[in-house]
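# got a sequence here, can you build the structure:
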Amino acid sequence: QVQLVESGGELVQTGGSLRLSCAASGRTFSNYRMAWFRQAPGKEREFVATISWHGGSVDYADSVKGRFTISRDNAKNTVYLQMNSLKPEDTAVYYCAAKLDSTLATLDLYSYDYWGQGTQVTVSS
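Numbering: from 1, shown residues only. Got it, this is the predicted structure:
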């Protein structure tokens, strides 16, 4: 089992920045691919960003490319999502997810085995 706890979500103005954190425990963190997903009210959960176990491979949704950066610190068992130039459409609950690292289905939420409880990000216009 892997336990994931997100933090860092809050209310921010358009154009502002936030850094989300996801602390992992329970298994060897460096074995796991990590990802961020988000879910806005009335919408399906969607992929935001993913990072390989070593941090050398990342991928982003088109909607956040150039604004968001995913990173990880395996020594601290933590993955981060730096969010810049925030827009109202970024408002959502952001979830951290984990699975044993693979190059398959890395953008597919159904391929991830472990999830955090989510942290709310609200961007005011």
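# my read: residue 80 touches residue 68, true?
No. Using C-beta atoms under 8 Å, residue 80 is not in contact with residue 68; the gap is 10.3 Å. Just so you know, the C-beta spots here come from the backbone N, C-alpha and C atoms, and that holds for glycine as well.
# how near is the residue nearest the centre of the chain to residue 85?
What sits nearest the mean C-alpha location of the chain, by C-alpha atoms, centre = their mean, is residue 36, with 2.1 Å. As judged by C-beta to C-beta, to the nearest Å, residue 36 and residue 85 stand 17 Å apart.
# swap in residue 4?
Residue 4 is 26 Å from residue 85, by C-beta to C-beta.
# and those two? Which one has more around it.
Between residue 4 and residue 85, residue 4 has the larger neighbour count (other C-beta atoms under 10 Å), namely 22 against 13.
# tell me the contacts of the more buried one?
Residues near residue 4 by C-beta atoms under 8 Å, 6 or more residues apart in numbering: 22-24, 96-98, 114-116.
# filter those residues down to the ones in helices?
Among those, DSSP state H puts none in helices.
# now for the residue nearest to residue 85 when sequence neighbours are not counted, how many residues are close by?
Spatial nearest neighbour of residue 85, chain neighbours left out: residue 67 (4.7 Å); criterion: C-beta to C-beta, 6 or more residues apart in numbering. Neighbourhood size, residue 67 [other C-beta under 10 Å]: 15.
# for residue 42, same thing?
Residue 42 has 5 neighbouring residues, counting by other C-beta under 10 Å.
# pretty sure residue 111 is in contact with residue 105, am I right?
Yes. Counting by C-beta under 8 Å, residue 105 is a contact partner of residue 111 at 3.9 Å.
# who's more crowded, those two?
residue 111 (14 against 11).
# make TSV out of the contacts of residue 4 and add neighbour count, pLDDT and distance to residue 50.
TSV is the format used below for those (neighbours: other C-beta atoms under 10 Å; pLDDT from 0 to 100; distance: C-beta to C-beta, whole Å):
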residue	neighbour count	pLDDT	distance to residue 50
22	25	98	12
23	16	97	18
24	24	95	15
96	28	98	11
97	25	97	9
98	24	96	10
114	18	96	14
115	17	97	14
116	21	98	15
